[in-house]
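*Asks:* Predicted model and sequence below, questions to follow.
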Amino acid sequence: MKWETPEFAARDDMTNGWAVVTGASSGIGLEFARELARHGHPVLAVARRRERLETLSRQAAAQAGRIEPLTADLSTGQGLTSVVRRIEELNKVELLINNTGIANAGDFLEASLDREFTTIRVNIDPVISLTHNVLRGMVQRRSGAVINIASVVAFQPFPHFAVYAATHHCLHHLILSSQLVPVGHACRCRESYCCQRAAA
């Protein structure tokens, strides 16, 4: 895969296999999906908003790209299962970009527990489930990459966003631990940080 950012500029070990992008209907996820399709990857674009995904798919097709829209609510077990099932059908995923995430603002003592637990499910469950699903195949093929989009609050306390900050701290340490994959395998787990996020 050829990429115009420093992180991917020197990568010669990636082919044009499938890329999976969650939170693909807006923001960072949308741009990843669009650029990956432009560079020759078939893309499985996952988000809740069907209309936006279908628009993205049509735009890619008009430029000879391929984006397959998959509508799924990753706060639910059913939504997450549907993504896992489709990934298993694709068989070879070259790149996974975990971008789905939400933030629940407010004083922790006054917050709705239902909303806080939804934040945990959306921000953590898909990352663990999807990464676990694709990583073994990547290691066996000695090729592939996982990118987690996280927030800079992974590194510091963040008043009024306690659970949100805690979920990104979890993601940060998940990546650090995942780097224990044997060095001989050409498979990488990386994380990128953003300051703002739009719900997808």
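*Replies:* Yes, it's here.

*Asks:* residues contacting L30?
*Replies:* If you count contacts by C-beta atoms under 8 Å, 6 or more residues apart in numbering, L30 has them with 24, 52, 56. The C-beta positions use only the backbone N, C-alpha and C, and glycine is treated the same way.

*Asks:* Beyond the strand or helix carrying it, next helix or strand please.
*Replies:* For L30, the enclosing helix or strand under DSSP states H and E is helix 27-38. Note on helix 27-38: by DSSP H and E, the next helix or strand toward the C-terminus is strand 43-47.

*Asks:* Partner strands of that next one, with direction?
*Replies:* Note on strand 43-47: by DSSP bridges, its sheet partners are strand 18-22 (parallel), strand 67-71 (parallel).

*Asks:* which outside residues touch that strand?
*Replies:* With C-beta under 8 Å, 6+ apart, strand 43-47 has contacts from 18-26, 29, 33, 36-37, 53, 56-57, 60, 65-72, 74, 83, 86-87, 90, 100, 200.

*Asks:* List buried residues within those.
*Replies:* In those, burial by neighbour count holds for 18-26, 29, 33, 36-37, 53, 56-57, 60, 65, 67-72, 74, 83, 86-87, 100, 200, counting by 16 or more other C-beta atoms under 10 Å.

*Asks:* which helix of the protein spans the most residues?
*Replies:* helix 113-141 (DSSP state H).

*Asks:* and that one, what other elements does it pack with?
*Replies:* Other helices and strands packing on helix 113-141, by 3 or more C-beta pairs under 8 Å, 6 or more residues apart in numbering; DSSP states H and E, are strand 18-22, helix 77-90, strand 93-98, strand 145-151, helix 162-178.

*Asks:* Looking at these, spot the one closest to I120.
*Replies:* helix 162-178 (6.0 Å; C-beta to C-beta).

*Asks:* what angle separates the closest one from strand 145-151?
*Replies:* Interaxial angle, helix 162-178 versus strand 145-151 (axes from the mean of the first three to the mean of the last three C-alpha atoms, to 10 degrees): 150 degrees.

*Asks:* and helix 162-178, what other elements does it pack with?
*Replies:* helix 113-141, strand 145-151, strand 188-194.

*Asks:* hmm, back to that, list every C-alpha atom in the helix holding L30, with coordinates, as PDB.
*Replies:* Extracted in PDB, the C-alpha atoms of helix 27-38 (Å, rounded to 0.1, in the frame of the first residue of the first chain):
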ATOM      1  CA  GLY A  27     -14.700  13.100  10.100                       C
ATOM      2  CA  ILE A  28     -11.500  11.100  10.400                       C
ATOM      3  CA  GLY A  29     -13.200   7.800   9.500                       C
ATOM      4  CA  LEU A  30     -14.800   9.200   6.400                       C
ATOM      5  CA  GLU A  31     -11.400  10.600   5.200                       C
ATOM      6  CA  PHE A  32      -9.700   7.300   5.900                       C
ATOM      7  CA  ALA A  33     -12.300   5.400   3.900                       C
ATOM      8  CA  ARG A  34     -12.200   7.800   1.000                       C
ATOM      9  CA  GLU A  35      -8.400   7.900   0.700                       C
ATOM     10  CA  LEU A  36      -8.000   4.100   1.100                       C
ATOM     11  CA  ALA A  37     -10.500   3.600  -1.700                       C
ATOM     12  CA  ARG A  38      -8.600   6.200  -3.800                       C
END
